[in-house]
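J.: pasted the sequence and its predicted model underneath.
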Amino acid sequence: MKVLMFEFLAVLIALLIWASADLPDRADPEAPANQHLSPDLTRLTESDVVIPNLVSAILADFRSYDTLGETFVIFTAGLAVVLVLQRSRRVREEENPDE
Amino acid sequence: MIEEISARFPYWAIAVLLVVGLYGMMGKRSLVKQVIGLSIFQSAIILFFISGSLLEGATIPILYSVHGEGHANPDDFVNPLPHVLMLTAIVVGVAIIGVALSFLVSIYREFGTLDERELLDDVRE
Amino acid sequence: MSGTVVSGLPLLAVLVPTVAALLAALTTGRWPNLRDVWATVAGIAMVAITVILLVETLDGHIHRTVLLELSLGINSPGINIALRADPAGMIFGLLVSVLWVLAGVYAVGYMRGEHERKQTRFFVAFALSIAAAAGVALAENLLTFILFYELLSLFTYPLVTHRETETALVAGRKYLAYTLSGGIMLIGAAAWLHVLGVDTTFRAGGFLEGVNLDSVTQWALFALLAGGVGVKAAVMPLHSWLPSAMVAPTPVSALLHAVAVVKAGVFGMVRVGVFVFGAALLDDMGAWLVLAIMSAATLIIASILALRHDNLKRRLAYSTISHLSYIVLGVALIGPLALTGALLHIVGHGVTKITLFFVAGAIHVRTHKENVSELDGIGRQMPVTMGSFALASLSMVGIPPFILFTSKWYLGWGAVEVGQQAFLIVYLVSGLLAAGYLFPIVIRAFLRSSPDHTRYGEADIRMVAPIALTAVLALVWGIAPDLPLGFFELASTVADAAFPPSVALAGVTP
Amino acid sequence: MIWWLELSLFGLLVVAALIALSVRDMIAAVATLSVYSFLAAVLLALMGAVDVALTEAALGAGVTGVFLIGAISVVERRTPD
Amino acid sequence: MDPQPQLPVFIVGAPLLFSVIVPVLGRIWRHSAFLLALATVAVAAVASALSLELVLRKEPFSYHLGGWAPPVGIEYVIDEVSAFVCVVITSVSFLVLVSTRRWAEREAGDRPGVFYGLVLLLLAGLTGIVVTGDLFNLFVFLEIASLAAYALVFIGGRKAMLAGFRYLIIGSIGGALYLLGVGFIYFATGTLNMIEARELLEGTPSTRAAQVGAVFIFAGLGLKMALVPMHLWLPDAYEHAPSSVNSLIAPVMTKVAAYAMLRMFLSVFPAGFLSGTVPIADALLILGLIGIVFGSVAAAGQSDIRRMLAYSSISQLAFIAVGIGLGSPLALAAALLHVANHAAMKATLFLAAASVRLRVGLQRTHNLAGLGPRMPLTMGAFAIGSVAMIGIPPTAGFFSKWYMAQAGVDEGQWVVVAVVLFSSLLTAVYLFKVLEQVYLRPAKPEPSAHGDDERDASADAAPRPELAMRPVVERAREAPFDVWLPLVVLAAATVVLGVINVVIMDHVLLPGVS
Amino acid sequence: MNDRYDSVILHFIARVFLVPLILVFGVYVLLHGELSPGGGFQAGAIVAAALLLVRLALGNRQAALRIPQGLLIWLACIGLGIYMFGGILPLILGYNFLDYAPIPVDWYNQFAGEARTARSMGILIIEIGVFFGVAAVLVLIYDLVAGSSRQ
């Protein structure tokens, strides 16, 4: 089992390094990620949203739906913890009512 | 050679971090260690995204031109989109770890141990 | 004068037993008699419907119900679920409906007599099986056929396992494994045909006629289709579920072996041989020979095995296997006479074998005896029952003027017609073997004296009447196959449609 | 950016990750994990992602660490591996 | 800008909004939690149905969230397929919610509001995954659904705790791998929008980065959908989860992951991309075939009915994977049809199992002997569900197998045809094992005396004093009205889906995938 | 961490000095999210971190800023409600979900003397929502995870 896991990890790291050779060079202005969307985002922030912080503009406006989802992830975690821990406390209280 | 290494090593380092995190999740007996592995794994992904958002000669994505003069040149800023994604990812990661820890506490209260092997033995009896 | 009429009648033929099953399920427990009334009423209604359909079919009006006819936007014919009362289907449909009434009445007597548990489940499954069998009979295309074929497997499963003993459960598993595998083969073949873009509506002369396929595909399709229906037709080596299924109550055995399941198998063989591949293609491929040799082998081997079994129902089971292969062989011989004989044999064997099983059940109810060697002198105590058994045995062996003589005559003649005298010999030998495994029973029953002196007497009237009636039917249809229900006319219509060179009688070419 | 600085930071990250996973004392492991997160935050800031760095420092190094410590204060401190 | 139909918002938005309201109101008035949750799911179901109707009447449309057109903003893609899957998910969830109320109120403890809040979040996450047209957004909603599912599984008792934690770890790996894959795709193309990514990937030669990205995306989703060999979390999670939860999660959760995978095929990766240097499509196909056989065989060896159903799920999901691996429109449509079929069938089976648990408290198949006549409706539904799983016409299961076999023949993949067809025999093996016990064996005099089941049931039954004196099979009664009615509706749905399958295939699925 | 640290200096620093400072910084980060790095998440995280630090430093039971769990859940729900409100308001006004363009902003500009656009107003609203949601949930999680040991 252990051996299998290490083989798997070795394959994974090999795969990652193999793929990294084909990733765009770091800090390359011609990389698709730098060419494609970010100029639009910058321009639109300047003209429509009119706030300086690009990250905030994208986070809360262009991709505000993502942020909504993300806030709900946190909320889900909160509810999950409440459900898990409150419940077991109740069970325990039933078991030892003296405490 | 040096150039190649200097351009690629972050990816390799990130690959190592990913694998280390994965090892923590899969190979460690302690459930707490598994959670720590999860945390490492997630931050490696964050580094991966940010590392790809770099731009030659660019600065942080704050447009000082908005309330000032002139127009911003997109090439002056690092790509902000991965930053946004990673903000989300960090929060998701913390949420998962919070839930995982609540599970841990709950399991510990029930079984009195966090050693996976002992737990499995306990369940199988 | 011929033509297709859109009507609900074929659907009704399927729905009537279904509704009967529902009503029986709803009126369970509190009014057991009412439940039995439903079965009988529904049986009579179904006979009425099939007779109307018969008249129409013989007039050349093919009634057709389309349940679902939709074409997909892809390169394959759509999903058509349609029922059609064509002559071939009518033969099977009529047989099912007539024998259902009799078996239904008999079953009431049997189940009461044996104090069986869970009678409601039994009757519901029984009626549903009949509905599925009717669907098999009236299916217009391959997909519809498969649909009802699979349902038939499913609905008869609770019947096989009805006793709920360990052997019954094992037999049930075996039964399911065999029939579901058969269904899978059929589904595979049907899916393949659909991908090939073949319209799978059954057509006398074969819907594959004129479709351009390479020989590997042809053979693979043939293997899948013939194998799929061959499981239920119990062609060796696919037969072993059938003797195991003998653990079921006798009305079930009667249903399985005389009416629904195995006949669905051989009827499927007729569909595959005549309506899917067609004579010309079978001849071209040489597939007929494979089928003929396999069925001839089954015929002989099963007859010999039947000789060796002392358990009455088991002996009858092997006899069934043998007789089913008569029909398969008749299909394989690809001649109009052989086909007519095969179709008649479906009817004849149905009515004859059901008598034999009924008798076995009646004996069991009265005496709890199951083995042939215990039947000494029983004929004097149950004269009507054993008299019917004797009549049916005569029919089984092929003594004129019983119906199985007629069908065997045609089958034999058909073999000669296509120049395969070897198979005529097979038929004759098998007839002799049948005499060998049936006559000793009759002789024991009437000529030996009973070892114990218990007086048993006849069974319940609800069992004796169907027994006598079916035995008489075997005689009547032997003398005049057309007398009430026109089986011979239907069979020859099918044969003419399948072999066009001879001028069509009714000109039915769907 | 100065690439050897980045390289050494990455190296430290790997080392911190390995230590965090191999230390048997949970508090030490969590502390190392916080250090790991903080190093990652520095690296992120170096790469120009100040927002992410801020969040990583607050959430990754701060809140996650505190969560873990809180959880460890409830459960046992030593681990089998 | 053009006014857009606002319908799609309600599919995801209504559960999201009410997941905030329900926990608060649930503290004030206990019963409001269930009623509000039910109403919300109903709203989502109606919204999805209306969206589907709109798509069918006009054409697929895109909804721009925040008013930003993609790729700058995030879009909902409402086409035949996504609307259809939404309808399936919401309506199945609705029925399951109605049916599981009795268990939920007990299993949720004193916090029904929190419980139903999480259920709504789960549902919002799932529908969010289905409708979104953005790669990263899919990740976010995947995590919402997963987190809710982890917690819901976790509260099932002692054994469920370990299963839940394992589920969390493996599920997080899955999510993270997916995110990593999205990163690769993003750096290779520069976009996160699915359709645009497809266009860009088509234009450029497929690079290693993009291919490895695809591998990670499929590995991540494969973990979530429990594709063999990534299935290890599923049996435990499904077996030990609370009854109300596994009847909700089992039918929809993994199906949505499977749908997401299908979505990747349909709208992200262009044809041919996945059978290049890294043959992902073939790998899926092979894993799927192995999974079908493995799942069925493993299911046949289980004595716990829920564990058996869990392995059966693995097998059925592998079936969907086979459809994706084949990749032809017919195969994809068959896989989608199977998504709907399997949702209805599995909901029926799990609900029936849960209903038995409610009345009898036993889970081992060999202890269920003689139950058929005692609980005719429940076990009747179970039987219909089983028949549909086996694939007897005219139930739904038959037709997905039928189309899949056709697709296999079409592609010349004979092994696929054989495995797909014979899987129904394997399915029959384990399901008839149960049916045989239930209908054909006499009730055991004292089933609770058999040790292994007693321990198994008592672990979960502990917080429920009324089950402490578990009645034996002989004394079992039919489940209450609100439990069996949805069950019967679901069982009927498996048949209805089969009967109307051509309509669905013809008007919804085939246009959707081509 | 179960013991209370009876260190006057720690007590003083934590309670009187550090916490208010961090809280102020958090609010600053929240409100200046548009101008400089920061925003709802960061602010929420920072404020939560401050509250958690107090708990760590002083022990849970004695923590001055102990907030009842019911209130935390309420706060989280309110935060998310604000966010949803920011999404639904445009919906009511006939725009797409989360499209901030129709949000009325004039009253605010007159009141605060700024020149905000509708979009930046929308951003502010949802950042506030995020702030409450994140801060409340993080504190809630810690209280439940760490506080559950000594009931």
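T.: Good, I have the coordinates.

J.: report whether the helix or strand where residue C:51 lies contacts chain E.
T.: Applying DSSP states H and E as the criterion places residue C:51 in helix C:32-58. No. Helix C:32-58 lies apart from chain E when judged by CB under 8 Å from any CB of the partner chain; the minimum separation is 15.4 Å. C-betas here are computed from N, CA, C, even on glycine.

J.: same check on stretch A:24-37?
T.: Yes. Judged by CB under 8 Å from any CB, stretch A:24-37 comes into contact with chain E at A:24, A:31, A:32, A:33, A:34, A:35, A:36, A:37.

J.: by neighbour count, which of those wins?
T.: Neighbour counts for those, by other CB atoms under 10 Å in any protein chain shown, peak at residue A:34, which reaches 27 neighbours.

J.: low pLDDT regions in chain A?
T.: Applying pLDDT under 70 to chain A flags residues A:87-99.

J.: please, where are all the helices along it?
T.: Using DSSP state H, the helices of chain A run over residues A:2-20, A:32-35, A:38-44, A:54-57, A:64-81, A:87-95.

J.: still on that earlier bit, in JSON lines, list the residues of stretch A:24-37 next to chain E along with distance to residue E:195.
T.: Rendered in JSON lines, the data for those read as follows (distance: CB to CB, whole Å):
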{"residue": "A:24", "distance to residue E:195": "22"}
{"residue": "A:31", "distance to residue E:195": "21"}
{"residue": "A:32", "distance to residue E:195": "16"}
{"residue": "A:33", "distance to residue E:195": "18"}
{"residue": "A:34", "distance to residue E:195": "21"}
{"residue": "A:35", "distance to residue E:195": "19"}
{"residue": "A:36", "distance to residue E:195": "14"}
{"residue": "A:37", "distance to residue E:195": "14"}
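
J.: residues of chain E that sit close to chain F?
T.: Close to chain F, as judged by CB under 8 Å from any CB, chain E has residues E:3-4, E:6, E:9, E:13, E:16-17, E:20-21, E:23-24, E:27, E:63-68.

J.: what are the boundaries of the helices in chain D?
T.: Along chain D, counting by DSSP H, helices occupy D:3-22, D:26-46, D:50-55, D:65-74.

J.: quick one, which of these is packed in tightest?
T.: Among the helices of chain D, helix D:50-55 has the highest mean neighbour count (mean count of other CB atoms under 10 Å in any protein chain shown), at a mean of 27.

J.: who's in contact with that one?
T.: Defining contact as CB atoms under 8 Å, 6 or more residues apart in numbering or on different chains, one finds that helix D:50-55 is touched by A:53, A:55-56, B:46, B:50, B:60, B:83, B:86-87, B:90-91, D:41-42, D:44-45, F:29, F:37-39, F:41-42, F:45.

J.: make it 7 Å
T.: A:55, B:50, B:60, B:83, B:86-87, B:90, D:41, D:44-45, F:37-38, F:41-42, F:45 (CB atoms under 7 Å, 6 or more residues apart in numbering or on different chains).

J.: in the stretch 401-510 of chain C, what residue lies closest to chain B?
T.: residue C:463 (58.1 Å; CB to the nearest CB).

J.: and that residue, how many neighbours does it have?
T.: Other residues close to residue C:463 by other CB under 10 Å number 27.

J.: can you tell me the closest non-neighbouring residue to it?
T.: residue C:109 (4.0 Å; CB to CB, 6 or more residues apart in numbering or on different chains).
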